[in-house]
Structures are given as C-alpha cells and as structure tokens.
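*Asks:* Sharing a model that was predicted from the sequence below.
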Amino acid sequence: MEFILFYIFGFIAVVSALLIILQKNPIYSAVFLILTLFSVAILFLLLNAQFVAAVQVLVYAGAIMTLFLFAIMLLNIKYEEKAFSKLANLKITGIFVTFVLFIEFMYMIFLRKGLGIAGNISPEKVAEVGNVELIGKILFTKYLFPFEVASLVLLVAMVGVIVLAKKKF
C-alpha cells in the first residue's frame, strides 16, 4: 500500500511542479507550489522522516509561501511582464541549463553516484529513540557551531532587510 501511495504522491509532486512553471498567473503558480510542497511532505512521511515532513509543511508550505504570496501581491505584475519580455536570450539560456541538469540527473541515476555513505545509526535505533530526538542530539552536540553560525547569518540578513526597507520608506 505504501508503494502505491509513494507513486501517487510522487506523480502529484511532479505534475504540480510542472504546473508551477507552466502557469502564467503567479498566484496560481504559488498555489501549485504549495501542492508540491505538501506532496513532498507526504513522501517524507512515507519514508519515515516525520521531522523533515513537519518542517516541510511548517517552514516551506506555511511561512515561506506566505512571504511569496505577499511579495507577489505587492509587485506590479504588468510592469514585470514588460521588462521580462525584452530578455529573449533568457529562454535559450533556460533551455541550455535544463539540458545540462538533465544530463547530470541521468549521470547520477545510471552510475549511482552521490548516494552518500551509510550512517552509523541503524534503522532499529531510529525506531527505538525517534527521529526528532536523534536529530536534536546530533544538532546540539556535533553540529552546534554550524547551527549557531546559521542563526547569526539569518539574524544579520533580517537586520539588513529592515535597514534597507527603512531607507525606502
């Protein structure tokens, strides 16, 4: 049953991701992005990654999409469409980048590169202790310094945005 659900939600994620880029209306694209993010969260649940699924829904589908929708509604869409139509070379560049990414994906799939190495925590240990507790222990012991550096970078970015926004208004 999980196998069938995985393929169903994988198909929904791929189709909704395609609809994001095929929509002319940015609001519809944002709605399809929310659908894609929820589908990916369900895929994480099917893979027993409950913490990642919860973060996917809370952070990306919730907070980030709210910011996207506010930004879309604050933009002057007609002006942006006129400015974008002048960039004819952008389509050629997009096709080239898509082709290069397709070749990279095929290389990764067929040569099995980038699979990573197995961790030292067994699936039985994860089932016994729980995903969230293991992630918390690793995050606040082994990766404490990078975690704190990331929080400082985000704080500096927020202060920078506030300073730049105050100058405009």
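*Replies:* Perfect, I can see it now.

*Asks:* And the average pLDDT for the host helix or strand of residue 156 is what?
*Replies:* For residue 156, the enclosing helix or strand under DSSP states H and E is helix 144-168. The average pLDDT for helix 144-168 rounds to 84.

*Asks:* helices or strands next to it in the packing?
*Replies:* With contacts taken as 3 or more Cβ pairs under 8 Å, 6 or more residues apart in numbering; DSSP states H and E, helix 144-168 sits against no other helix or strand. Bear in mind the C-beta positions are built from the backbone N, C-alpha and C, glycine included.

*Asks:* Need the residues that contact it.
*Replies:* With contacts defined as Cβ atoms under 8 Å, 6 or more residues apart in numbering, helix 144-168 is touched by 139-140.

*Asks:* Could I get the buried residue list for it?
*Replies:* Applying a neighbour-count criterion of 16 or more other Cβ atoms under 10 Å, one finds nothing buried in helix 144-168.

*Asks:* so where's the chain shaky on pLDDT?
*Replies:* The chain contains residues with pLDDT under 70 at 75-88, 113-118, 167-169.

*Asks:* now the helices for it?
*Replies:* 2-22, 26-46, 50-55, 65-74, 77-85, 89-111, 123-129, 131-141, 144-168 (DSSP state H).

*Asks:* and these, which is most packed in?
*Replies:* Highest mean neighbour count of the helices of the chain: helix 26-46, a mean of 19 (counted as mean count of other Cβ atoms under 10 Å).

*Asks:* Check the offset of that helix from the chain's centre.
*Replies:* Using Cα atoms, centre = their mean, to the nearest Å, the distance from the centre of helix 26-46 to the centre of the chain it belongs to is 9 Å.

*Asks:* could you say what helices and strands it packs with?
*Replies:* helix 2-22, helix 50-55, helix 65-74.

*Asks:* And those helices: which comes nearest residue 111?
*Replies:* When the helices and strands packed on helix 26-46 are compared by Cβ to Cβ, helix 2-22 sits nearest residue 111, at 22.1 Å.
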